[in-house]
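1. Sequence below, structure please.
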Amino acid sequence: MMDIRFRRKVKNVARRWNNMDARLKWGILFLVACVYPFLVSSQYYVHIMNLAFIYVVLSLGLNIVCGLAGLLDLGFIAFYAVGAYTYAILSIKLGLSFWEILPIACFTTALFGLLVGSAAFRLRGDYFAIVTMGYGEIIRILANNLTFLTNGPIGIAGIPRPSIFGFKFEDPFQYYFMALAFVAIAVFLTYRFQASRIGRALEAIREDEIAAVSMGVNLKNFKLISFILGAMLGGSIGVFFASYATFVSPESFSFMESVMVLAMVVIGGMGTIEGPVIGALTLVFLPEILRSVSEYRMLIFGALMVFMMIVMPKGFMGWIKPRRILKGAEEENSFVTRNR
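-> Predicted coordinates:
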């Protein structure tokens, strides 16, 4: 009974949110995010929000692959690692700036996504997931063993911080608005991509590949596009992470990081824009909220995740998108009926 009441309350809140104009609701969230660092008591909470923003962009990138195209990618963190190491190596060895390396890292991860996707898309289902998990581990092992380039398990320290017009980013407060800009761009790109012809084709592939092929959809090309765009988002935020932490090592890109990002997408609601944002913020802030009960923190954290999957298996926002599509179809049918 409690599960039904909880689910009903969350659905009502989410339905009201979904009925709001997209520009209005994202504008409200953006204003709240801009005010946040001025309201918190210490820079520690600003730092936590910066980490949450990193995971928001990663979740949005993975959501393009998993949520739109329906592909289970267990090695998405590899693109994050490629972007981070690209910035670390080029900034230290060649002395390039943050703004010069950012497009290079996006191109590098896009090329890497193209190469990996071309090979992985020969497989389907569980086999595809295993292959993606394999390339994620390959990247981590290469970073651990190519000591002449990555400094091995010791990692790369002393990574330069970015600057713009003579202003150098130093503390979490200064990085906050750069991270917010990355999130805003990622949300905008994801929205535009989902509403495009390619996004609709990917949703068709996710629902039924055979039906999509019969309608003339090229499976490999559209899947590659989703893989490349997701890789670019992962690589771009990897550049930000390397500049923010000023240190990268293989331990930062383990398989558990991929699992965590996937959990954020699933808990928030796959195939939606708001879902990965909610999932990332929840899974980053929840352990901090439970820090007062540190001995049982991870136990409570795991129990809450299990509870969420039992009560709402489609995530916070998972049921909204089918309703929205049905509502649009009903409006279109009523318009046709009135004009006959």
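2. Return the residues in contact with the closest residue to Thr108 other than its chain neighbours.
-> For Thr108, ignoring the flanking residues on the chain, the nearest one in space by C-beta to C-beta, 6 or more residues apart in numbering is Thr86 at 5.4 Å. (Glycine included, C-beta is placed from N, CA and C.) The neighbours of Thr86, taking C-beta atoms under 8 Å, 6 or more residues apart in numbering as the test, are 101, 104-105, 108-109, 235, 238-239.
3. Could you save the residues you listed as CSV and add columns showing pLDDT and distance to Arg23?
-> Output for those, formatted as CSV (pLDDT from 0 to 100; distance: C-beta to C-beta, whole Å):
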residue, pLDDT, distance to Arg23
Ile101, 93, 32
Ile104, 94, 33
Ala105, 93, 30
Thr108, 92, 33
Thr109, 93, 30
Gly235, 92, 28
Gly238, 93, 29
Val239, 94, 28
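4. in the stretch 201-340 of the chain, which spans are helices?
-> Under the criterion DSSP state H, counting those that start in this stretch, helices of the stretch 201-340 of the chain are mapped to 209-214, 219-245, 255-268, 274-289, 297-311, 320-338.
5. Switch the contacts of Thr86 over to a markdown table; also include distance to Lys168 and neighbour count.
-> Below are the contacts of Thr86 laid out as a markdown table (distance: C-beta to C-beta, whole Å; neighbours: other C-beta atoms under 10 Å):
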| residue | distance to Lys168 | neighbour count |
| --- | --- | --- |
| Ile101 | 16 | 24 |
| Ile104 | 21 | 16 |
| Ala105 | 20 | 27 |
| Thr108 | 25 | 20 |
| Thr109 | 26 | 28 |
| Gly235 | 23 | 30 |
| Gly238 | 21 | 31 |
| Val239 | 16 | 30 |
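6. Same list, the residues you listed, but as TSV with distance to Tyr135 please.
-> Output for the contacts of Thr86, formatted as TSV (distance: C-beta to C-beta, whole Å):
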residue	distance to Tyr135
Ile101	23
Ile104	21
Ala105	18
Thr108	15
Thr109	13
Gly235	14
Gly238	15
Val239	20
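7. can you pull the buried residues of stretch 167-176?
-> Neighbour counts using 16 or more other C-beta atoms under 10 Å place 169, 172, 175-176 of stretch 167-176 among the buried residues.
8. so of these, which ones are in helices?
-> 172, 175-176 (DSSP state H).
9. distance of the residue nearest to Thr108 from Phe241?
-> Thr86 sits 12 Å away from Phe241, going by C-beta to C-beta, to the nearest Å.
10. Look at Asn145 and say how many residues are nearby.
-> 13 (other C-beta atoms under 10 Å).
11. same thing with the one 5 residues further on?
-> In terms of burial, Thr150 registers 21 neighbours under the definition other C-beta under 10 Å.
12. can you tell me which residues contact it?
-> Contacts of Thr150 (C-beta under 8 Å, 6+ apart): 85, 89, 142-144, 156, 250.
13. If we only consider these, which is nearest to Lys220?
-> Leu142 (26.3 Å; C-beta to C-beta).
14. one step back: with Val57 as the reference, name the closest of the helices of the stretch 201-340 of the chain.
-> helix 219-245 (4.1 Å).
15. count of residues packed around Gly199?
-> 20.
16. Against Met305, how distant is it?
-> Separation of Gly199 from Met305 (C-beta to C-beta) stands at 29 Å.
17. same deal with Tyr127?
-> Relative to Met305, and taking C-beta to C-beta, Tyr127 is found at 27 Å.
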